[in-house]
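*Asks:* the following comprises the amino acid sequence and a computationally predicted model.
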Amino acid sequence: MEKISNSSSIFLIIVLLLLVPFEEESNNKNYYYVVEARTCESQSHGFKGRCMSNHNCGLVCRNEGFSAGNCRGARGRCFCTKTC
């Protein structure tokens, strides 16, 4: 059997050290929290008439600076929504 040269053994040691996972200190743990954003809602000021289409309501609401809009209620009103 052949002897392993010094340079080969050093190379193997380096490779093994790279394969060993390094443990993080207990003080540096990363925590992730799931946070749901609140939704603010307001009746549209620009929508005229009875709201029959969520698509049209959404277009008007986006022009008013909101992210979306939906028709709601028996009277057919357009309500705009956005994250607070």
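*Replies:* Arrived safely, thanks for sending.
*Asks:* so for the lengthiest strand in the chain, mean pLDDT?
*Replies:* Assignment by DSSP state E gives strand 77-83 as the longest strand of the chain. For strand 77-83, mean pLDDT rounds to 96.
*Asks:* export that strand to PDB, keeping only CA atoms.
*Replies:* Extracted in PDB, the C-alpha atoms of strand 77-83 (Å, rounded to 0.1, in the frame of the first residue of the first chain):
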ATOM      1  CA  ARG A  77     -72.600  49.800  -2.900                       C
ATOM      2  CA  CYS A  78     -69.000  49.800  -3.900                       C
ATOM      3  CA  PHE A  79     -66.500  49.300  -1.000                       C
ATOM      4  CA  CYS A  80     -62.800  49.900  -1.500                       C
ATOM      5  CA  THR A  81     -60.100  48.000   0.400                       C
ATOM      6  CA  LYS A  82     -56.400  48.300   1.100                       C
ATOM      7  CA  THR A  83     -53.900  47.100   3.600                       C
END
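*Asks:* for it, the distance to its chain's centre please.
*Replies:* Offset of strand 77-83 from its chain centre (CA atoms, centre = their mean, to the nearest Å): 21 Å.
*Asks:* show me what it is packed up against.
*Replies:* strand 39-43, helix 54-63, strand 68-72 (3 or more CB pairs under 8 Å, 6 or more residues apart in numbering; DSSP states H and E). Where you see a C-beta, it was placed from the backbone N, CA and C, and this is true even at glycine.
*Asks:* tell me the angle the first one makes with strand 68-72.
*Replies:* Right, strand 39-43. If you take axes from the mean of the first three to the mean of the last three CA atoms, to 10 degrees, strand 39-43 sits at 60 degrees to strand 68-72.
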